[in-house]
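Peer 1: return atomic coordinates for the entry below.
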Amino acid sequence: MKLTGSMEYDSSAEMMFGTACRPVKTRSGLVIGSGHVIPEVISHPRPGTERTLHDLLREFERISDDTLERCVQVGHPSVVIENEHVFQMTQNPRWGGDIAAQTAGQLEEYRQKYGLACAYRATIADIRKPDLVDMRRSDRTDAILESFEVCAPHADIISVESLGGKEISDYSLIRNDITGMLFAQAILGGRDMEWLWPQIVAIAKKHGCLAGGDTNCSQANVAMFMAGGFLSNEIPHTMAALCRAIGATKTLIAYECGATGPGKDCAYENPIIKAITGIPISTEGKSSACAHMSLCGNVMAAVCDLWANEAVEYHWMFGGSSSAVFAEILGYDAAAMNTALELGYQKEFQACLIYSDRYRSPQSYILCPDTAFEIGKAIVENNESYYSRAKAAAIRCGELLQNDTKLFFTAFEKDSLNGYMRDLRNLPDTEEEFIELCLDRYARVRGFSPASYDL
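Peer 2: This next block holds a predicted model:
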């Protein structure tokens with residue numbers, strides 16, 4: 001597989017919310033990335049409703065109806081609904097297929113009755129667990145691929161949050177080990193993506209839907225959550241920032257395998273991906289506080305094409321169901337961005353989004369369009385191997401953090417970053433040497449099987 005060697009954008013100044021170099025059109029006719037931001041609403045079924053297919057169908061029926069009805073009620077012209085599979089929906093592919101068919105039918109009803117521009121994303125659950133099954137050859141792997149097959153005829157977009165390398169990243173994060181994180185994300189995650197994504201792209205082409213993309217949720221997002229906020233110190237924020245830069249090289253592989261986007265919302269690395277590929281992206285920020293805390297609440301909207309809420313459990317609130325409430329919130333966010341575009345104030349609006357978060361933390365800093373662009377350049381200029389580009393991305397990320405005098409670090413964060421940079425610069429020159437080092441170092445990690453990654 002040829003690794004990307006150029007940037008789609010000439011500079012970060014060209015990047016803007018609502019517009020992408022490579023817009024995509026869903027089979028239902030919704031165009032994403034062509035000049036407007038569209039809300040993407042994700043709701044999860046309540047615990048207990050997953051016990052039977054009947055209960056899940058009823059739960060998702062309510063979720064979709066509430067979302068679509070609220071959009072019509074308040075006049076939001078477009079929406080994407082995403083169903084992230086719970087375990088049972090992928091373990092039993094027919095369940096996921098039946099729910100996909102039901103959801104697609106509901107969207108078509110609102111499209112025909114009210115003219116609502118809408119689309120449906122099905123995100124298949126990666127139910128492979130490295131400590132339980134072979135990542136490539138198992139009943140769970142077969143169920144994932146079958147789930148794509150049965151959902152793709154009904155979905156506009158198919159996506160996944162793949163788990164390749166997670167066994168090593170979990171081990172490495174709690175040990176503050178940047179070498180292990182590089183191995184887990186770039187080498188193991190990269191090889192898993194290169195094996196998995198050509199199959200997903202083929203299924204999407206076969207059924208006429210969009211292969212949306214992947215995320216580094218299982219690794220870089222775990223680092224982000226562990227770093228937490230200003231009172232947390234389980235791991236340094238600088239570690240989380242470096243993991244995000246490395247993780248972008250893993251997520252990029254989906255597009256190198258033929259995915260077209262829109263990228264999935266919980267890939268916080270998506271600004272880097274958009275700078276490199278020009279594909280439309282979904283992002284999440286302040287409106288995902290229902291699911292988790294982050295220090296990137298506004299800046300993540302700076303170059304989004306879909307604006308999402310990550311996930312909210314379906315339940316009742318004063319304003320209606322959670323699905324309805326978040327459809328309204330996200331729709332108003334999108335309306336503000338779209339109005340800025342229409343009035344010609346998009347640069348000013350974008351600047352407010354960026355600078356309200358730019359110096360909040362290392363994590364928000366590296367996802368500003370200019371810094372994301374620089375990390376993207378490091379990736380494409382060092383495309384000899386998965387390892388070379390991930391190492392370059394991490395080092396460039398660290399340099400950007402070290403060189404901006406307006407970015408404040410505690411002594412703990414500064415010392416940690418300096419240590420990571422020493423470790424990165426002392427790593428082997430070639431991917432072969434690096435893999436040999438890591439196979440020896442992590443051979444006894446529970447659940448790690450080199451054969452799962454063709455090593």
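
Peer 1: in terms of helices and strands, where is A240?
Peer 2: helix 237-256 (DSSP states H and E).

Peer 1: show me the contact partners of the very next helix or strand once past that helix.
Peer 2: Reading on from helix 237-256 to the C-terminus, the next helix or strand found by DSSP H and E is helix 270-277. If you take CB atoms under 8 Å, 6 or more residues apart in numbering as the criterion, helix 270-277 is touched by 4, 7-9, 12, 15, 20, 22, 213, 245, 248, 251-252, 255, 261, 263-264, 267, 279-283, 300, 302-304, 367-369, 372-373, 375-376, 379-380. (Glycine included, C-beta is placed from N, CA and C.)

Peer 1: from the residues you listed, which land in strands?
Peer 2: The members of the contacts of helix 270-277 that map onto strands under DSSP state E are A20, R22, G213, S282, T283.

Peer 1: what's the neighbour count on the first one?
Peer 2: Yep, that's A20 we're talking about. For A20, the neighbour count with other CB atoms under 10 Å is 27.

Peer 1: if we can go back for a sec, can you tell me which of the ones in strands among the contacts of helix 270-277 is nearest S385?
Peer 2: Ranked by distance to S385 (CB to CB), those are led by G213 at 21.9 Å.

Peer 1: pretty sure the closest one is in contact with K264, am I right?
Peer 2: Yes. Shown here, G213 and K264 form a contact pair, counting by CB atoms under 8 Å, at 5.2 Å.

Peer 1: who touches both of those two?
Peer 2: S159.

Peer 1: for the ones in strands among the contacts of helix 270-277, which single residue is the most surrounded?
Peer 2: T283 (32 neighbours).

Peer 1: pretty sure that residue sits against L306.
Peer 2: Yes. With contact defined as CB under 8 Å, T283 counts as touching L306 (7.4 Å).

Peer 1: give me the common contacts of the two.
Peer 2: Here T283 and L306 share the contacting residues D265, scored by CB under 8 Å, 6+ apart.

Peer 1: would you agree H292 is in contact with E310?
Peer 2: Yes. Using CB under 8 Å, H292 is in contact with E310, at 6.6 Å.

Peer 1: those two: who's more crowded?
Peer 2: Neighbours around H292 and E310, counted as other CB under 10 Å, are more numerous at E310. The numbers are 24 against 14.

Peer 1: measure that one to K205 for me?
Peer 2: The gap separating E310 from K205 is 29 Å, by CB to CB, to the nearest Å.

Peer 1: what do you get for S159?
Peer 2: According to CB to CB, S159 and K205 sit 15 Å apart.

Peer 1: counting neighbours, go ahead and name the busier of those two.
Peer 2: The neighbour comparison of S159 against K205 (other CB under 10 Å) goes to S159, with 30 against 13.

Peer 1: pLDDT wise, what is K129 at?
Peer 2: Note on K129: pLDDT of 87.

Peer 1: what of S232?
Peer 2: 85.

Peer 1: for the one 10 residues further on, same thing?
Peer 2: Here the pLDDT value assigned to L242 is 98.

Peer 1: H315 too?
Peer 2: On pLDDT, H315 comes in at 97.

Peer 1: now swap in L132 and tell me
Peer 2: On the pLDDT scale, L132 gets 82.

Peer 1: quick one: it from A411, how far?
Peer 2: L132 is 42 Å from A411, by CB to CB.

Peer 1: same question, G261
Peer 2: As for G261, its distance to A411 is 41 Å (criterion: CB to CB).

Peer 1: the two - which one has more neighbours?
Peer 2: Neighbour count, other CB under 10 Å: between G261 and A411, G261 has more, with 30 against 7.

Peer 1: that one reaches T251, doesn't it?
Peer 2: No. Counting by CB under 8 Å, T251 is not a contact partner of G261; they are 11.2 Å apart.

Peer 1: who touches both of the two?
Peer 2: Going by CB under 8 Å, 6+ apart, residues that sit against G261 and also against T251 are G213.

Peer 1: give me the neighbour count for the nearest residue to M239 once chain neighbours are set aside.
Peer 2: Nearest residue to M239, sequence neighbours excluded (CB to CB, 6 or more residues apart in numbering): A223, at 6.1 Å. A223 has 27 neighbouring residues, counting by other CB under 10 Å.

Peer 1: next up, phi/psi of A223, please.
Peer 2: phi -60, psi -40 (degrees, to the nearest 10).

Peer 1: before we move on, the earlier item: restricted to buried residues, select the contacts of helix 270-277 in ChimeraX.
Peer 2: Buried residues within the contacts of helix 270-277, by 16 or more other CB atoms under 10 Å, are selected in ChimeraX with:
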select :4,7,8,9,12,15,20,213,245,248,251,252,255,261,263,264,267,279,280,281,282,283,300,302,303,304,367,368,369,372,373,375,376,379,380
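
Peer 1: E256: what's it in contact with?
Peer 2: M1, K2, L3, T4.

Peer 1: ChimeraX command for the buried members of these?
Peer 2: Applying 16+ other CB under 10 Å to those leaves a buried subset, and the ChimeraX line that selects it is:
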select :3,4
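
Peer 1: rebuild the contacts of E256 as a markdown table, extending it with pLDDT.
Peer 2: Formatted as a markdown table, the contacts of E256 follow (pLDDT from 0 to 100):
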| residue | pLDDT |
| --- | --- |
| M1 | 86 |
| K2 | 92 |
| L3 | 97 |
| T4 | 97 |
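
Peer 1: which residues are in contact with the closest residue to N216 other than its chain neighbours?
Peer 2: Distances taken as CB to CB, 6+ apart put G247 closest to N216, at 3.3 Å, once the chain neighbours are dropped. By CB under 8 Å, 6+ apart, the residues touching G247 are Q185, G189, N216, Q219, A220, E269.

Peer 1: which pLDDT value goes with G247?
Peer 2: 98.

Peer 1: with F412 instead?
Peer 2: The predicted local confidence for F412 is 94.

Peer 1: ok, it to P271 distance?
Peer 2: 27 Å.

Peer 1: with neighbour numbers in mind, choose between the two.
Peer 2: Higher neighbour count among F412 and P271: P271, with 31 against 12, using other CB under 10 Å.
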